[in-house]
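>>> Would you be able to build a 3D model of this:
(one chain, ligands or ions: 2)
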Amino acid sequence: MDLFDQQVIPVNLSPELGTSNIVFWPNWLSGAEADQLLSRAIEQTEWRQDNIRIAGKIIPVPRLQNWFGDPATSYTYSGICLQAVSFPDWMEQLRLSVEGQTGQPFNRALVNYYRHGRDSVDWHADDEKALGPAPVIASVSLGAERVFQLRHNLSREKLSISLPHGSLLLMGAGIQQHWQHRLAKVGDLQEPRVNFTFRYME
Ligand SMILES: O=C(O)CCC(=O)C(=O)O
Ligand SMILES: [Mn+2]
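Ligands and ions are numbered 1, 2, ... in the order given. Alright, predicted model coming up:
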């Protein structure tokens with residue numbers, strides 16, 4: 001990995017708190033490493049199709065997913081409770097590389113499988129109580145390049161970052177409290193994408 005490849009994007013939080021950073025490594029993994037991880041992830045993950053309740057209706061989430069970490073723990077969001085699955089060896093190695101690159105501890109991962117352009121994740125923040133007051137989130141992207149959008153809760157300022165195959169993105173402390181993010185649907189895209197979001201929970 002070429003260190004000069006690292007991009008630091010300042011992100012406004014509030015007048016009191018100033019800015020935090022998104023740190024982005026667009027070419028974090030080699031093409032061969034990223035290809036291998038993508039096929040491993042797709043083939044070896046026990047993908048779940050979960051449902052959420054929106055306005056009284058039960059709707060399948062538009063992606064497949066699973067939650068990894070200490071199996072004695074679970075993760076609840078939008079009324080979905082995911083019991084954690086232990087990190088398989090290959091994912092444990094990825095977790096260690098992400099810790100090494102970012103200098104931050106991570107002990108959980110939510111893994112998302114966007115099968116095609118109609119799969120997506122709507123506006124949200126990774127701000128569940130269990131993640132503590134200022135979560136730091138690391139995101140590894142594999143497969144189809146998709147646009148990650150962020151929107152400030154008050155100013156509505158927007159940021160868009162295109163996430164290539166093998167990239168790593170780190171959202172610094174404070175961003176989850178002041179911004180939401182999403183991955184919008186794109187028409188006509190057939191190629192899959194897998195994303196790992198590493199988090200830290202006590
Ligand atoms: O797929 C992505 O890049 C984002 C996923 C995400 O925001 C999440 O899992 O919380
Ligand atoms: Mn998220």
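>>> For this protein, what lies in contact range of ligand 1?
110, 112, 121, 126, 139, 148, 181, 183, 195, 197 (CB under 6 Å from any ligand atom). Where C-beta positions appear, they are placed from N, C-alpha and C, glycine not excepted.
>>> Just the ones in strands from these, please.
Counted as lying in strands by DSSP state E, out of the residues of the chain next to ligand 1, are 110, 112, 121, 139, 148, 181, 183, 195, 197.
>>> The fourth one bridge partners, please.
Using DSSP bridges, the bridge partners assigned to residue 139 are residue 169, residue 197.
>>> For ChimeraX, what selects the buried ones among the residues of the chain next to ligand 1?
Entered in ChimeraX, the line below selects the buried ones among those, by 16 or more other CB atoms under 10 Å:
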select :110,112,121,126,139,148,181,183,195,197
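>>> JSON lines for the residues of the chain next to ligand 1, including pLDDT?
Converted to JSON lines, the residues of the chain next to ligand 1 look like this (pLDDT from 0 to 100):
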{"residue": "110", "pLDDT": "95"}
{"residue": "112", "pLDDT": "98"}
{"residue": "121", "pLDDT": "97"}
{"residue": "126", "pLDDT": "95"}
{"residue": "139", "pLDDT": "98"}
{"residue": "148", "pLDDT": "98"}
{"residue": "181", "pLDDT": "98"}
{"residue": "183", "pLDDT": "98"}
{"residue": "195", "pLDDT": "98"}
{"residue": "197", "pLDDT": "98"}
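>>> Need the max-distance pair from the residues of the chain next to ligand 1.
Between any two of the residues of the chain next to ligand 1, the greatest separation by CB to CB is 14.6 Å, found for 110 and 148.
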